[in-house]
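Engineer: return a 3D structure for these sequence lines:
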Amino acid sequence: MNNINPDDQARVDAIEKALLARWPENRIAPTLERIAALVDILGSPQLTYPTIHVGGTNGKTTTARMIDSLLFEMGLRTGRFTSPHLESYLERISINGQSIDAKELIFSFNDLSPYLDLMDTKFENPISFFEAMTALAFVAFAEHPIDVGVIEVGMGGQWDATNVVDADVSVITPIGLDHMEYLGNTIAEIAATKAGIIKDQGFVVLAQQTPEAAVQLLRRAAEVGADVAREGLEYSIDSRAIAVGGQLISITGLRGHYDEIFLPLHGKHQASNAAAALIAVEAFFGEQDLDIDAVRAGFANVTSPGRCEIIHRDPTIILDAAHNPHGAKAIADTLQAEFTFDDVTGIVALMADKDALGILQELEPVMNQIIVTTNSSERSMSAADLTKLANQVFGADRVFAADNLTAAIEKAIQDAVRPLSEESLAIVITGSVVTVGEARSAVRKKYAKLTPVGES
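Structural biologist: From the prediction side, this is the model:
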């Protein structure tokens with residue numbers, strides 16, 4: 001992904017510009033009508049390979065990356081579609097664990113482009129950015145070709161553009177309150193929408209859910225005759241121990257016990273994601289036993305950029321894409337349980353439509369001070385508005401403001417220089433995927449030592 005020649009890069013940039021000129025990702029018309037017509041005219045590429053469909057509120061991308069890594073270690077050619085991206089939209093479409101090659105992307109887009117224009121004339125609303133990206137992934141995977149697709153839901157489930165797949169296995173990670181303007185104001189309403197990915201006579205893996213979410217998910221599974229595996233019942237995490245660079249876990253699955261699995265990711269929630277991923281792969285293979293060495297290798301090779309990701313040492317800089325209270329609680333719990341920092345500076349930039357107060361309240365116990373700022377999105381909450389809320393939660397003496405992320409990072413790094421101090425210091429940058437993507441680029445520029453996303 002790093003070595004795109006200038007001509008290809010210009011074309012990749014032009015394709016991105018054309019896609020971004022469409023309806024933005026955060027604007028949704030809840031219907032499958034347009035995407036269904038589009039894939040139909042393309043010859044239904046998404047039905048030419050089996051798929052595993054991953055929905056839920058938090059942990060979808062990481063779970064999809066884990067499933068992908070496991071399947072690849074088991075000798076399958078994999079295609080993974082995730083969203084949003086951190087630094088380049090090419091990350092969203094991954095083949096055999098790597099971001100799609102620029103030439104392959106250009107080839108697939110050239111095939112797709114005339115159909116996008118045709119569909120725009122047939123419907124009142126044009127094909128959106130996300131619908132176009134979803135179709136582009138389906139086409140690229142069919143052209144490669146892949147053996148199995150791992151498809152992450154964009155938003156919701158029932159009417160999400162990805163829900164034109166006929167998934168063999170669905171996975172639903174924990175459901176929380178998010179995107180309420182589209183999905184409903186209660187966990188039950190949100191769960192009912194997300195349950196829409198459970199397919200007729202399919203198989204669904206349910207990570208730990210609140211009782212109100214579980215009721216909706218199990219109701220849908222019963223209605224369509226789907227088999228269900230629930231964390232804590234049909235499968236379980238038997239043990240979890242903190243290890244250098246991650247954790248050591250053991251899981252009881254549908255077909256046996258898997259022990260001594262090293263997972264190079266931090267946090268109890270990542271163990272839960274790993275268990276759901278493993279069960280999804282077990283269900284996908286059916287009666288066939290999984291090779292424990294392939295399972296261990298698959299997990300050992302997992303990366304999850306922007307999810308409690310340590311991108312620099314001295315000072316320790318951690319990126320986490322938490323953008324709702326559930327995600328903020330996960331990073332706070334992980335910092336508390338698995339690290340021993342004496343002092344943590346938070347850098348927070350949020351979108352204006354998010355539960356800022358809820359996020360700040362979860363972060364407050366683990367952050368000694370906080371620098372509030374904005375990211376480059378037009379949806380970003382202003383530093384002034386965020387400062388007011390942060391003052392309520394942290395108290396004004398612990399809150400600082402910066403005009404932009406780069407300035408915030410510079411301030412945090414300068415403040416982390418404490419001569420003669422033996423304190424262990426950390427800078428945690430969080431609040432949204434956009435924030436983390438931009439911070440990643442800014443830190444790379446400053447230290448010029450990082451490997452790009454998708455190349456680890």
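
Engineer: least trustworthy helix or strand in this protein by mean pLDDT?
Structural biologist: Counting by mean pLDDT, DSSP states H and E, the chain has its least confident helix or strand at helix 180-183, which shows a mean of 63.

Engineer: buried residues in the next helix or strand after that helix?
Structural biologist: Once helix 180-183 ends, the next helix or strand along the chain (criterion: DSSP states H and E) is helix 187-194. Going by neighbour count (16 or more other Cβ atoms under 10 Å), the buried part of helix 187-194 is 187, 190, 191, 192, 193, 194. C-beta: built from backbone N, CA, C; applies to glycine.

Engineer: now for the fifth one: which residues touch it?
Structural biologist: Residue 193 makes contact with 156, 157, 158, 159, 183, 184 under the criterion Cβ atoms under 8 Å, 6 or more residues apart in numbering.

Engineer: flag the shaky bits of this protein, pLDDT-wise.
Structural biologist: 1-2, 25-28, 179-183, 449-456 (pLDDT under 70).

Engineer: pull the longest helix from it.
Structural biologist: helix 102-122 (DSSP state H).

Engineer: give me the contact list for that helix.
Structural biologist: With Cβ under 8 Å, 6+ apart as the criterion, helix 102-122 contacts 1, 4, 8-9, 11-12, 15, 18, 34, 37-38, 41-42, 90, 93, 95, 126-127, 132, 135-136, 139-140, 143-144.

Engineer: quick one on the thing from earlier: nearest to residue 427, of the contacts of residue 193?
Structural biologist: Nearest to residue 427 among these, counting by Cβ to Cβ, is residue 183 at 32.9 Å.

Engineer: could you flag which of the contacts of helix 102-122 are buried?
Structural biologist: Burial by neighbour count, 16+ other Cβ under 10 Å: within these this picks out 1, 4, 11-12, 15, 34, 37-38, 42, 90, 93, 95, 126-127, 132, 135-136, 139-140, 144.

Engineer: what segments of the stretch 101-250 of the chain are strands?
Structural biologist: 148-152, 169-172, 203-206, 227-230, 236-243, 246-252 (DSSP state E, counting those that start in this stretch).

Engineer: which one of those strands lies closest to residue 55?
Structural biologist: strand 169-172 (5.2 Å).

Engineer: residues of that closest one that come out buried?
Structural biologist: 169, 170, 171, 172.

Engineer: so what does that strand touch, helix or strand wise?
Structural biologist: strand 51-55, strand 203-206, helix 268-285 (3 or more Cβ pairs under 8 Å, 6 or more residues apart in numbering; DSSP states H and E).

Engineer: mind putting the buried residues of strand 169-172 in CSV, distance to residue 212 included?
Structural biologist: Shown next, in CSV, are these (distance: Cβ to Cβ, whole Å):
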residue, distance to residue 212
169, 24
170, 19
171, 19
172, 14
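
Engineer: how about the secondary structure of the residue nearest the centre of the chain?
Structural biologist: Geometric centre of the chain, nearest residue: residue 61, 2.9 Å, by Cα atoms, centre = their mean. Taking DSSP: H, G, I helix; E, B strand; the rest coil as the rule, one finds residue 61 in the helix state.
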